[in-house]
Structures are given as structure tokens and as C-alpha cells.
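>>> Using only what follows, build the 3D model:
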Amino acid sequence: VEGGSYVSIKVCWSQKLPYKDGQFCLTVPFSFPTYVIPVGKKIPKREKIQLNVNSGSGTELMIQCSSHPLKELSREVRKLSFVYEAEVPAWSTSDLDFAYTVTSSDLFGGVLLQSPALRDFDEREMFCLYLFPGNKQIRRVRSLGIVEGVVDAEIRILGLQDT
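Next up is the predicted model:
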């Protein structure tokens, strides 16, 4: 491949959001393009992950575990916000794993991912995490919450949309 050439690989990925032992578990795979670093210069790389979770109802959310040392930014009854920042010699290849609980019963959810466009200059990947509460007496589905985000080359997960 010569300089200035476009190389495109399309990968489709999906997963169910497992609910086990009273908690949701999610893995977001990270892989980032290799950057060409000019000879004689060290360009610092900064990873940043911002995680916002909103249940969309009055239920309390609690993060159980995370693969990255997330620092809590804010906490409300139905909302949690976390951030992770680090100066790194090379882009991370370790996935973001986290587990959390929602104080409700009979829950289910999922994750939708969208790969970047063929010639997207900043190679963004988007995801949407959705949760639905259940009611054992009434089988009406109500939206519990949506977490939307963008993963870009700086390893940033941004955004939150209330339902």
C-alpha cells in the first residue's frame, strides 16, 4: 500500500447485553488506527473515556466493576457520569468492560453499533445502549433509558440522550 491510499475493512459486530446475578455487563471493543509518528518527535497520546448512564426512570444505578479506573463525575438517582483520562505511549487495545445494577426487576436490553463510513476522516464508531424494564403482571414494554455515544480516535465516549 502506498502513501495516500485508502484501505477499508468493514466489520460488523453486535452483542446482547447480558443480565446475570442482578447486573448488566457490557464490553465495548477498542481498536484504533496506527498513526505514523515523525522520526525524532514524540507525539503524546491522550486517552479519554467519558461514560454517562441514564436509567430514564427513578431507579438507582450502581456501577459494579470496570476494566478502566473510572472517576465519578456526578451521581443522581437515575444518572451516573464517569471519566477516565491517561497519557499513553500507544493507543490502548484493551476493551472497555463495565457492569452495573439497576434497582428494578425483569430487565432486558441491548447494544447497537455502527461502523464508520468508508472514507470517514476521523474513523468514528457510534453505539447505542438501550434498556427496557419489565413488569411481571403487565407485559407492556417501556423505554428505561438510552445511552448514545461516539468513540473517536482520541478514545472518547460522548453523549447522552434522555428518553
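
>>> Just give me the neighbour total for A117.
Neighbour count of A117, defined by other Cβ atoms under 10 Å: 10. All C-beta spots, glycine's among them, are computed from the backbone N, C-alpha and C.

>>> what about it, which SS state?
Secondary structure, DSSP: H, G, I helix; E, B strand; the rest coil: A117 is coil.

>>> Could you point out which residue ranges in the protein have low pLDDT?
Residue ranges of the chain with pLDDT under 70: 1-17, 19, 22, 31-45, 54-60, 90-92, 103-110, 120-127, 129-163.

>>> Please tell me I have it right and F24 contacts V102.
Yes. F24 is within contact range of V102, at 7.2 Å (criterion: Cβ atoms under 8 Å).

>>> For Q114, see how far away V83 is.
Per Cβ to Cβ, to the nearest Å, V83 is found 23 Å from Q114.

>>> And for V77?
From V77 to Q114 the distance is 31 Å (Cβ to Cβ).

>>> What of S74?
For S74, the distance to Q114 - Cβ to Cβ - is 27 Å.

>>> Neighbour count: the two, which is higher?
Legend: neighbour count by other Cβ under 10 Å for S74 and Q114, higher for Q114 (12 against 9).

>>> Any idea what that one is bridged to?
Beta-bridge pairing for Q114 (DSSP bridges): M126.

>>> Just give me the neighbour total for L118.
Around L118 there are 8 residues (other Cβ under 10 Å).

>>> give me every residue that touches the nearest residue in space to C65 that is not next to it in sequence.
Closest residue to C65 apart from its sequence neighbours, by Cβ to Cβ, 6 or more residues apart in numbering: A99 at 5.1 Å. Shown in contact with A99 (Cβ atoms under 8 Å, 6 or more residues apart in numbering): 23-26, 63-66.

>>> Restrict the host helix or strand of A99 to CA atoms and write it as PDB.
Per DSSP states H and E: A99 is located in strand 96-102. Coordinates of each C-alpha in strand 96-102 appear next as PDB, following Å, rounded to 0.1, in the frame of the first residue of the first chain:
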ATOM      1  CA  LEU A  96     -13.900  -1.300  28.000                       C
ATOM      2  CA  ASP A  97     -15.700  -3.700  30.300                       C
ATOM      3  CA  PHE A  98     -18.200  -2.500  32.900                       C
ATOM      4  CA  ALA A  99     -21.000  -3.900  34.900                       C
ATOM      5  CA  TYR A 100     -23.800  -2.100  36.700                       C
ATOM      6  CA  THR A 101     -27.100  -2.700  38.500                       C
ATOM      7  CA  VAL A 102     -30.500  -1.100  38.200                       C
END
